[in-house]
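**Student:** pasted the sequence and its predicted model underneath.
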Amino acid sequence: MGSAGTRTHEVAGERRQLLNVAYRLLGSMTEAEDAVQDAYARWFGLPPNRREEILSPGAWPTTVTSRICLNLLGSARSRRERYVGAWLPEPLPDRSEWDRAGVAAPVGAADPADQIVLDESVAMAFLVVLESMTPAERVAFVLHDVFRYRFAEIADVLGRTPAACKQLAAAARRRLTAEGAPATGAATEPGTRTGPGTRTGPGPGARTGLGSEPEPGRSDAVRQVKEAWEAKDITALVAVLDPAAVMTADGGGMIGTVLRPVEGGARIAEYMVAIADKAPGLQLLVRSVNGVPGLVARRAGVVLTVAAFDVSDGRVTRIWVVRNPEKLRPWARGGVEVGDSSG
């Protein structure tokens, strides 16, 4: 066994991994941070002799964090039933992209959001599908299919048998398929992890099967939406929107926005142009939103809205618009608070 200092250092070194697991489980950076802090508080609250009994201190915080997230997911369902309007996951910026563009990036070099690996498993389309899963399905699926944990390890998190956890992950994959997205290429049981705390699989970065549109096609479609919105061109918007497109907005009851999804490309185009007429001085930027091309709306340098898109065959099929300022904190810049106006 290592010294107490070595074991604590090993636990502390898992912070980035824990944030990545917790964000994918919860869809909320704020809640993910709280879950990770809670896990560390529990570690430091253990008596020294109890810490020495833990065979794999590197794996211990992941197990505890996942259990905390499982409990939060259970209570989140009732909280989200009381949420005003649609609830959407918190969008994340790619800070390095802002730097390359020569645009002032969101402030805070030590922001926990910077620790999140921006791959397909955090794309808004994927996170929204995860919301349709039961808490146990989501934990089993994310830990196994995204992070390559063995079902025997997941069983310790869920308090179920490995066979039951395998069934939960399979049910989660069926939900993905029902949403028109093929499930991940899950790692086989042997060799996914060589032991507690040791990962040999890809972890974050596993392909989800969502977002099959190549990156250039996605970027082109998002840019066309931007240009058509700026020109208030309904015809151009209708051309880039799928006829069955759906737009969902999240203002959290704090910012004025539609409370129910807007369905149909023509209706979405009309709504967007109507908003453009009421939003003078708004600047649209094509930026990465959870690792996928999206749009950021700013006024006087203050982020008011972040929009994520799903694209198929060159046309936009889904738009997720986040306006709740509490969910836009990672997008703040220069110490200025994110927008609280309805413009």
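**Tutor:** Done, it's in. Numbers count the residues shown, from 1 in each chain.
**Student:** quick one: the strands in the stretch 151-300 of the chain, in order.
**Tutor:** Ranges of strands within the stretch 151-300 of the chain are 193-195, 198-199, 241-250, 262-263, 283-289, 292-299, based on DSSP state E, counting those that start in this stretch.
**Student:** out of those, which is closest to L72?
**Tutor:** With C-beta to C-beta, the closest approach to L72 among the strands of the stretch 151-300 of the chain belongs to strand 241-250: 18.6 Å. C-beta here means a position set from N, CA and C on the backbone, and glycine is covered the same way.
**Student:** who does the closest one pair up with?
**Tutor:** strand 262-263 (antiparallel), strand 315-322 (parallel) (DSSP bridges).
**Student:** how about stretch 18-30: buried residues?
**Tutor:** For stretch 18-30, burial by neighbour count (16 or more other C-beta atoms under 10 Å) applies to 18-29.
**Student:** which one of the residues you listed sits closest to Y149?
**Tutor:** Nearest member of the buried residues of stretch 18-30 to Y149, counting by C-beta to C-beta, is V21, at 9.3 Å.
**Student:** helix or strand: which one has the closest one?
**Tutor:** Assigned by DSSP states H and E, V21 falls within helix 15-26.
**Student:** show me what the next helix or strand after that helix is packed against.
**Tutor:** Moving toward the C-terminus from helix 15-26, the next helix or strand (DSSP H and E) is helix 29-45. Counting contacts by 3 or more C-beta pairs under 8 Å, 6 or more residues apart in numbering; DSSP states H and E, helix 29-45 is packed against helix 4-12, helix 15-26, helix 60-81.
**Student:** ok, which of those comes nearest L46?
**Tutor:** Among those, helix 60-81 sits nearest to L46 (C-beta to C-beta), with 9.4 Å.
**Student:** tilt between the closest one and helix 15-26?
**Tutor:** For helix 60-81 against helix 15-26, the angle by axes from the mean of the first three to the mean of the last three C-alpha atoms, to 10 degrees is 30 degrees.
**Student:** where does the protein dip in pLDDT?
**Tutor:** 1-7, 12, 55, 98-114, 180-214, 333-343 (pLDDT under 70).
**Student:** try 80
**Tutor:** Along the chain, segments meeting pLDDT under 80 span 1-13, 51-58, 77-78, 80-81, 95-115, 180-216, 332-343.
**Student:** how about the contacts made by the most centrally placed residue in the chain?
**Tutor:** Centroid-nearest residue in the chain, with C-alpha atoms, centre = their mean: V122, separated by 4.2 Å. Residues near V122 by C-beta atoms under 8 Å, 6 or more residues apart in numbering: 23-24, 92, 116, 204, 290-291.
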